[in-house]
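S.K.: could you look at this predicted model? Sequence included:
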Amino acid sequence: MCAVILAAGSSTRMGRDKALLPWPPAAPHELAPTQTFLSAAIRSLSPFSDMVIVVAGANEPNLLPVIYANAAFVVRNAEPERGQFSSLRVGLQSVLSRGRDAAFVTLVDRPPAQPATIGELRETFVKSARDVWAIVPEFNGKHGHPVIFSREMIHHFLHAPPDATARDIEHEQQAHVQYVSVSDPFVTANIDTPQDYAELQNRIGFPELHH
């Protein structure tokens with residue numbers, strides 16, 4: 001089992017690299033937050049994976065210190081402008097190249113899922129029937145991350161048309177996807193804009209930032 005973190009986006013709507021956003025969001029008196037979204041994602045997935053692979057783009061030089069400090073690996077998407085699916089394929093190809101045949105996949109623009117959630121997803125995958133190729137967490141009826149893909153699903157991603165999307169492939173293989181209801185709201189959190197990040201700060205206990 002590998003883990004793949006997709007972190008090659010340009011973060012244009014946020015205005016700064018989402019991978020390097022402080023986690024947890026710092027209160028005003030905290031000058032040096034302990035982690036970033038990227039380091040927190042690596043640390044959350046490491047206990048459940050043989051290795052963690054980060055897919056970077058043009059931001060690779062900025063991410064490398066965080067990646068290496070947390071004992072992860074990096075692969076570069078040479079064409080991140082082609083979108084998230086291209087990064088997914090780069091990451092999954094690296095999984096197979098490193099001799100693994102299943103992978104957690106998550107996006108860097110979100111808080112890390114709780115360890116109990118990640119453990120539950122992995123356990124469900126290990127115990128699932130052979131015809132289950134993907135495990136997807138669900139919170140309040142919304143699908144989220146991290147997801148788990150088996151070799152069979154990875155094969156379909158890697159052989160899909162370049163203009164396909166992950167959602168297209170998941171819908172095509174719906175019969176092989178198992179959804180797991182979890183009590184972790186972070187699996188569906190998606191932090192795209194400064195407003196999203198401010199709302200996250202409020203949710204986890206720093207309301208004084210916005211008075």
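M.R.: Yes, it's here. This one's a predicted model, so the numbers in the text were calculated from it and none came from an experiment.

S.K.: so what's the gap between stretch 68-78 and the chain middle?
M.R.: A distance of 14 Å separates the centroid of the chain from that of stretch 68-78, by CA atoms, centre = their mean, to the nearest Å.

S.K.: tell me the buried residues in the helix or strand of the chain at the bottom of the mean pLDDT ranking?
M.R.: Least confident helix or strand, the chain: helix 194-203 with a mean of 87, by mean pLDDT, DSSP states H and E. Neighbour-count burial for helix 194-203 flags Asp196, Tyr197, Leu200, Gln201 (criterion: 16 or more other CB atoms under 10 Å). C-betas here are computed from N, CA, C, even on glycine.

S.K.: ok, now which ones touch the residue nearest the centre of the chain?
M.R.: The centre of the chain sits closest to Thr106, judged by CA atoms, centre = their mean, with a distance of 1.6 Å. Thr106 makes contacts with Ala3, Val4, Ile5, Leu6, Ala41, Leu45, Ala113, His145, Pro146, Val147, as judged by CB atoms under 8 Å, 6 or more residues apart in numbering.

S.K.: for PyMOL, write the selection for the buried entries among those residues.
M.R.: Of the contacts of Thr106, the buried ones go into a single PyMOL selection, burial set by 16+ other CB under 10 Å:
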select buried, resi 3+4+5+6+41+45+113+145+146+147
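
S.K.: got a list of contacts for stretch 38-48?
M.R.: The contact list for stretch 38-48 (CB under 8 Å, 6+ apart) reads 1, 3, 5, 7, 19-20, 23, 35, 52, 54, 63, 66-67, 69-72, 104, 106, 108, 111-113, 115, 118-119, 122, 146.

S.K.: now do the end-to-end distance for stretch 187-195.
M.R.: 19 Å (CA to CA, to the nearest Å).

S.K.: ugh, wrong one, stretch 124-135
M.R.: End-to-end distance of stretch 124-135 (CA to CA): 8 Å.
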